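Undergrad: Please find the sequence and the predicted model below.
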Amino acid sequence: MTVFRSVVRGVGSYLPARTLTNAELADMVDTSDEWIVQRTGIRERHIAAKGEKTSDLAIAAAKAALANAGMTAADVDLIVVATSTPDLTFPATATSVQAELGITRGAAFDLQAVCSGFVFAMATADQYLRSGDFKCALVIGAETFSRILDWNDRTTCVLFGDGAGAVVLERTEQPGTREDRGILVSRLRSDGRHRSKLFVDGGPGSTGTVGHLRMEGKEVFRHAVGMITDVIEEAYAATGYSSEDIDWFVPHQANLRIIDGSAKKLKIAPNKVVVTVDKHGNTSAASIPLALSAAVGDGRIKKGDLVLLEAMGGGFTWGSALLRW
Ligand code: ACO
């Protein structure tokens, strides 16, 4: 019996021109290149220019993804932007993307699950595509975290960067086996008891200010590997696949130690792990599509490959997705 699945037709990304190196950060706060590299694996990150908004990054990534798919904006009837740094409190950044692309049909909305945002957005779009409500979705992760960092706090400002990545997902009929192309399974989780471990200390309904990112880094670190591996094992159980079958592991890029620890626990070989955290830092919801774009662009991820995504972030939220490219 055939089924409908969401197949990735194209991927694209955008990074602001300005890079900020660890050496430059060492001139701003009491830190060093050695400390940052050893604890996080990060060497540099991109920072949005003055006046460059999250929607600008998202639009550039969306256009690149459409070009990569060989499709046009006229094909798209759903836009989901995962972001925790929207241009404005409202309307949704996705509506700016929609307007700039000249799309007047379908729906466009934002989704907020911090670093897990892209996995949550992809799973959400997948539900709508499989149900038949929409046919073609742009799923975008876009962030300007530089705007919510406390640049005097060395424990957080060294970790994050700006950027955007996007995929075009299309509803397609497949044979209904685990060899199908498209999203085979996704697993989403949240546990709000942990919400004070990683948060922004402002918002329209509380302080009336934008606020700054605050994090208990050690606590986040302590939970990360366990949560990540749990949802991946659930994805394996749902499909019968295991780490041996995975062609590419594309994790959220928060910290090289978390990525290495997760891959090791799951027994995924290091040469199957896509790493961009060294060059991008943690770009929150943008990190997975940025990493996908890099690995597709340089020829690593190819049609037919089995790709495993995972993310974990504020809330806490966490999730996994297993798809065939
Ligand atoms: N430069 C130099 N020293 C620093 C810096 C810095 N940038 N930041 C902290 N330190 C100091 C601390 O003050 C502390 O000094 P002390 O011992 O005198 O008190 C010392 O370094 C050790 O600090 P820890 O916080 O214990 O360092 P740790 O090894 O835990 O590394 C880090 C910190 C990198 C934040 C780590 O806890 C981590 O990666 N946590 C996960 C958080 C994360 O990735 N969050 C991203 C969002 S969530 C997600 O996406 C998964």
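TA: In hand now; what should we look at?

Undergrad: Next one: Arg189 from Gln253, what distance?
TA: 20 Å (Cβ to Cβ, to the nearest Å). Any C-beta I mention is one placed from the backbone N, CA and C, and that applies to glycine too.

Undergrad: Count residues in the vicinity of the residue of the stretch 1-150 of the chain found nearest the ligand, would you?
TA: Relative to the ligand, the nearest point of the stretch 1-150 of the chain is Thr31 (3.2 Å; Cβ to the nearest ligand atom). If you count neighbours by other Cβ atoms under 10 Å, Thr31 ends up with 17.

Undergrad: on that earlier part again, and Arg189 and Gln253? which has more neighbours close in?
TA: More crowded of Arg189 and Gln253, by other Cβ under 10 Å: Gln253, with 29 against 16.

Undergrad: Which helix or strand contains Ala26?
TA: Per DSSP states H and E: Ala26 is located in helix 22-28.

Undergrad: again with Gly203
TA: Assessed by DSSP H and E, Gly203 sits outside every helix and strand.

Undergrad: So what does it have for phi and psi?
TA: Backbone torsions for Gly203, taken as degrees, to the nearest 10, come to phi 170, psi 160.

Undergrad: host element of Glu233?
TA: Going by DSSP H and E, Glu233 is part of helix 217-239.

Undergrad: about what we covered before: for the helix holding Ala26, packing partners?
TA: Other helices and strands packing on helix 22-28, by 3 or more Cβ pairs under 8 Å, 6 or more residues apart in numbering; DSSP states H and E, are helix 33-40.

Undergrad: check contacts around Thr19.
TA: Residues counted as contacts of Thr19 (Cβ atoms under 8 Å, 6 or more residues apart in numbering) are 44-47.

Undergrad: Using JSON lines, lay out these together with secondary structure and pLDDT.
TA: Putting the contacts of Thr19 into JSON lines (DSSP: H, G, I helix; E, B strand; the rest coil; pLDDT from 0 to 100) gives the following:
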{"residue": "Glu44", "secondary structure": "strand", "pLDDT": "98"}
{"residue": "Arg45", "secondary structure": "strand", "pLDDT": "98"}
{"residue": "His46", "secondary structure": "strand", "pLDDT": "99"}
{"residue": "Ile47", "secondary structure": "strand", "pLDDT": "98"}
